[in-house]
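Engineer: Provide a 3D model corresponding to the input given below.
(2 chains)
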Amino acid sequence: MIIKQLTVFLENKTGRLNEVSQLLGNAGINMSAMSLADTSEFGILRMMVSEPEKALSILKDAEFSARLTDVVCLNSPNEPGALARALDILSGEGVFIEYLYAYSMDNRSANIVLKPDNIQKCIEVLQSHKLELVKASDMYKI
Amino acid sequence: MRAVQTERLKETVRRIYHNVASYRQKMQNAGLVPNDIQSIDDLSKLPFTLKTDLRDNYPFGMFTVPMSEIVRIHASSGTTGKPTVVGYTRKDLNSWSEVVTRSLCMAGVHREDIVQVAYGYGLFTGGLGLHYGCENLGASVIPISGGNTEKQLQLMEDFGTTVLACTPSYSLFLAEELEAKGIKKENLKLRVGIFGAEPWTENMRKEIEAKLGIKAIDIYGLSEIIGPGVSCECEHQAGMHIMEDHFVPEIIDPETLQPLPAGEIGELVFTTITKEGIPLIRYRTRDLTRLNYEKCACGRTLVRMEKCKGRSDDMLIIRGVNVFPSQIESVLLEMSETAPHYLLIVEREGNLDTLKLMVEVQEQFFSDEIKVLEALRKKITHKIQSTLGISVDVKLVEPKTIERTAGKAKRVIDNRKL
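Structural biologist: Numbering: from 1, shown residues only, chains lettered A, B, ... in the order given. Model prediction:
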C-alpha cells in the first residue's frame, strides 16, 4: 500500500520545473499528480509518476537533488464531507499528517496523497475503517 | 639600527634554541646552532615559524620563560577551534606599550588628547594594546570597548573625545549613527582616528575623514608578533613605519620562500628581537605587502610597509574577525558524513561586511519536508555564528549550482573592493 513519491529539491529560479517535466516527458514517464511546496528561497516538488525508480535515476543523472519518499494514497468518494471523515478518523487515532495533496480523476472519486508521521499506523487505521487505499501498482499505471 | 638588530637577534636565537624544543629541532634539521647567527644578515638562514607551530604547541609550548614570568595571556581565534595563544612578560608589556605610544605619537596624538578605545577588550589584543599605549603616552583613555553604539556617541559628545580607536568599518558605522541622530561633526572634538584590525581602502579613508572631520591613521599588528603597534602610519599617511628595533621585517616569495629584493610585493615575515614571553623567528604573517626603505617626509628612517594587498592563504578578515573557509567546512562536516559543496560570498553593504553562505542540498541533506530543510538552514546558521562569532546568511541551493574549476569547487568569492 506504500507508494513511492518522487521528491525534488528546486531553487526558486525560472526554468527549473520545465527541466524536470521535460526530462521525465522525454523518458516517457507520466506524471499523474504533483504538488509544489515553496518557501521564499526554495521549493520542494512532490510527484506521483509512472516509473518512480527510473524517474529518480534520470533526475539524479541530471544533478537534481531527488529522492523517493514513502506515502499512501487514499481513494475517497468525490462528495462533500468525504475528506473530513477520513481526516477525523486519522486525527482521532493520533496519526499526524505532514502534508497532503489531492486530485480527482472523475466525478466519482478523488485520490488523496498523504505523508503521515507513522506510515504503518496510518495504513492500519485507514484499513480498519474500511477506507480504500490505492495500490502502488495501480497508481503507477495512471 | 643594524647593530641593535644584530645584538638582539643573537640573544633571541639563543633564547629560543635553548627553550623551545620544536624550534631547536628545526634549527638542527637545518644544521644550525646559535653561533651560526653572527649578524642580522644571517637572518635568512633561519627556519620559518608558522601559525601551525603555535597550534601544535598549544597552549604554552612556545613560551621561553616559566609561567611565573608571564603576566598576561592573549589569544586569537584559531582555524580548528584551538586559539593561537601568546604570553607577555612584564618587559613585553612595557615594549608593547612603548610601540603603541610611538604609533600614537607618529599619528599626532599627545597627552592632552582624550582617546576613546572602541576596540574589543579581552583576549583580543586590540583593546588592551591601545589602552596601555595611550596611558603610557599620558593621554586620557575612555576604555569603552567595542559595541554599545548609543553610549559611544553619548560619551564622544559629552566627554569631548579627540581620538577614536576602533576598526575602520566601525568608525563608518558610528559616523552614520551620528548623522542619523543629527549630531554634527562640528559639535564633536574628534581630530584623529587610529584604525586597524581589518583591511580597508583609500576610498574608505577618504569617506571616514570627510564624515568625521578627522585624520584617519592606519595601524597594523598581529597578536603573534605583539598586537597593534607593530607598525603605524605617521601624519604623512605614506606607509606604516615598522618598529624595526623590535620587529625585523622581511618580504619573501610565498612559493619559493626566498627573500625578495626591497620594493617587491611578497609575504611579510617578522622576527621579534626583544620579546621574552614568546619570541618568534621568521614568523610568516601571510599578509602580502611591500617595504619602502626610503626616508619618510616626517624624517623617520623606520622602514615603511604598504597597506596589505591580500593574503597568501585563504584567510578572510570580516568585520575584524579572522575567518578560514576550513572552519565553515568543519561546521558542515559536523552535520553530515560528507561535507556538501559550499560557497562563501563576502560583500560590503554600506560599510559593513556581510557573509553569505550557499550550501548545495545533496542527498545527505535533502528531505521531502519543508520544516526539515528550514530547520537545517537555521542549524547551519546558528552553528557558524557561534563558531565564527559573526552572523551569516545561509541559502540552500541545488547541486552543481556552485561553479567548479577543474573539478575543485571555488570556496570564496570576495566582492569587497579592497
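Engineer: Just the buried positions in stretch A:81-94, please.
Structural biologist: A:Ala82, A:Leu83, A:Ala86, A:Leu87, A:Leu90 (16 or more other C-beta atoms under 10 Å in any protein chain shown). For every residue, glycine as well, the C-beta is placed using N, CA and C.
Engineer: Could you list the alpha-carbon positions for that stretch in PDB?
Structural biologist: What follows is stretch A:81-94, C-alpha atoms only, in PDB (Å, rounded to 0.1, in the frame of the first residue of the first chain):
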ATOM      1  CA  GLY A  81     -17.600  15.800   3.600                       C
ATOM      2  CA  ALA A  82     -15.600  12.800   2.500                       C
ATOM      3  CA  LEU A  83     -12.200  14.200   3.200                       C
ATOM      4  CA  ALA A  84     -13.300  15.500   6.600                       C
ATOM      5  CA  ARG A  85     -14.500  12.000   7.600                       C
ATOM      6  CA  ALA A  86     -11.100  10.500   6.600                       C
ATOM      7  CA  LEU A  87      -9.100  13.100   8.400                       C
ATOM      8  CA  ASP A  88     -11.300  12.800  11.500                       C
ATOM      9  CA  ILE A  89     -10.500   9.100  11.700                       C
ATOM     10  CA  LEU A  90      -6.800   9.700  11.300                       C
ATOM     11  CA  SER A  91      -6.600  12.500  13.900                       C
ATOM     12  CA  GLY A  92      -8.800  10.500  16.200                       C
ATOM     13  CA  GLU A  93      -6.300   7.700  16.100                       C
ATOM     14  CA  GLY A  94      -3.400  10.100  16.600                       C
END
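Engineer: and the chain, what are its domains?
Structural biologist: If you meant another chain, say so; for now it's chain A. Domains of chain A are assigned by automatic domain parsing as A:3-68, A:70-141.
Engineer: switch to chain B, that's the one I care about
Structural biologist: If you go by automatic domain parsing, chain B breaks into B:86-313, B:318-414.
Engineer: After the helix or strand of chain B with the lowest mean pLDDT, heading C-terminal, what element do we hit next?
Structural biologist: Using mean pLDDT, DSSP states H and E, strand B:408-409 stands out as the lowest-scoring helix or strand of chain B, at a mean of 54. For strand B:408-409, the succeeding helix or strand toward the C-terminus, using DSSP states H and E, is strand B:412-414.
Engineer: Now do the SS call for B:Arg72.
Structural biologist: Assigned with DSSP: H, G, I helix; E, B strand; the rest coil, B:Arg72 falls in the strand class.
Engineer: name the element B:Thr285 belongs to?
Structural biologist: Under the criterion of DSSP H and E, B:Thr285 resides in strand B:283-289.
Engineer: Can you give the contact residues for that strand?
Structural biologist: For strand B:283-289, the external contacting residues (C-beta atoms under 8 Å, 6 or more residues apart in numbering or on different chains) are B:48-51, B:222, B:224-225, B:251-252, B:254, B:265-272, B:305-313, B:315.
Engineer: Same question for stretch B:175-186.
Structural biologist: Residues contacting stretch B:175-186 (C-beta under 8 Å, 6+ apart): B:Thr149, B:Leu153, B:Glu157, B:Leu188, B:Ile208, B:Lys211, B:Leu212, B:Gly213, B:Gly350, B:Asn351.
Engineer: One more pass at 10 Å, please.
Structural biologist: Counting by C-beta atoms under 10 Å, 6 or more residues apart in numbering or on different chains, stretch B:175-186 makes contact with B:149-150, B:152-154, B:156-157, B:164, B:187-188, B:190, B:207-208, B:210-214, B:350-352, all of which sit outside it.
Engineer: What subset of those residues is buried?
Structural biologist: Among the contacts of stretch B:175-186, those classed as buried by 16+ other C-beta under 10 Å are B:149, B:152-153, B:156-157, B:164, B:188, B:190, B:207-208, B:211-212, B:214, B:351.
Engineer: re earlier: narrow the contacts of stretch B:175-186 to those in helices?
Structural biologist: Mapping the contacts of stretch B:175-186 onto helices (DSSP state H) picks out B:Thr149, B:Glu150, B:Gln152, B:Leu153, B:Gln154, B:Met156, B:Glu157, B:Glu207, B:Ile208, B:Ala210, B:Lys211, B:Leu212.
Engineer: Pipe the residues you listed into CSV and attach distance to chain A and pLDDT per row.
Structural biologist: As requested, the ones in helices among the contacts of stretch B:175-186 are exported to CSV (distance: C-beta to the nearest C-beta, whole Å; pLDDT from 0 to 100):
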residue, distance to chain A, pLDDT
B:Thr149, 30, 92
B:Glu150, 32, 94
B:Gln152, 35, 96
B:Leu153, 35, 95
B:Gln154, 38, 95
B:Met156, 39, 97
B:Glu157, 41, 95
B:Glu207, 33, 89
B:Ile208, 35, 93
B:Ala210, 38, 94
B:Lys211, 35, 93
B:Leu212, 38, 95
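Engineer: thinking again about what came up before, show the buried residues in the contacts of strand B:283-289.
Structural biologist: Listed as buried from the contacts of strand B:283-289 are B:48-49, B:51, B:222, B:224-225, B:251-252, B:254, B:266-272, B:305-308, B:311-312, B:315; burial here means 16+ other C-beta under 10 Å.
Engineer: Now intersect those with the strands, please.
Structural biologist: Judged by DSSP state E, the buried ones among the contacts of strand B:283-289 include B:Leu222, B:Ile251, B:Ile252, B:Gly266, B:Glu267, B:Leu268, B:Val269, B:Phe270, B:Thr271, B:Thr272, B:Met305, B:Arg311 as members of strands.
Engineer: Could you identify the most distant pair in those?
Structural biologist: B:Thr272 and B:Arg311 (20.8 Å; C-beta to C-beta).
Engineer: need the residues of chain A near chain B, please.
Structural biologist: For chain A, the residues found near chain B under the criterion C-beta under 10 Å from any C-beta of the partner chain are A:5-11, A:13, A:16, A:37-39, A:41-46, A:60, A:62-71, A:98-99, A:115.
Engineer: Please narrow those residues to those residing in helices.
Structural biologist: Per DSSP H, the residues of chain A next to chain B map to helices at A:Arg16, A:Lys60.
Engineer: Buried subset of the residues of chain A next to chain B, written for ChimeraX?
Structural biologist: To isolate the buried ones among the residues of chain A next to chain B in ChimeraX, judged by 16+ other C-beta under 10 Å, type:
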select /A:5,6,7,8,9,10,11,16,37,42,43,44,45,46,64,65,66,67,68,69,71,99,115
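Engineer: Relative to B:Val394, how far out is the residue sitting nearest the centre point of chain A?
Structural biologist: Among the residues of chain A, the one closest to the centroid is A:Val113, at 4.6 Å (C-alpha atoms, centre = their mean). A:Val113 sits 30 Å away from B:Val394 when distances are taken as C-beta to C-beta, to the nearest Å.
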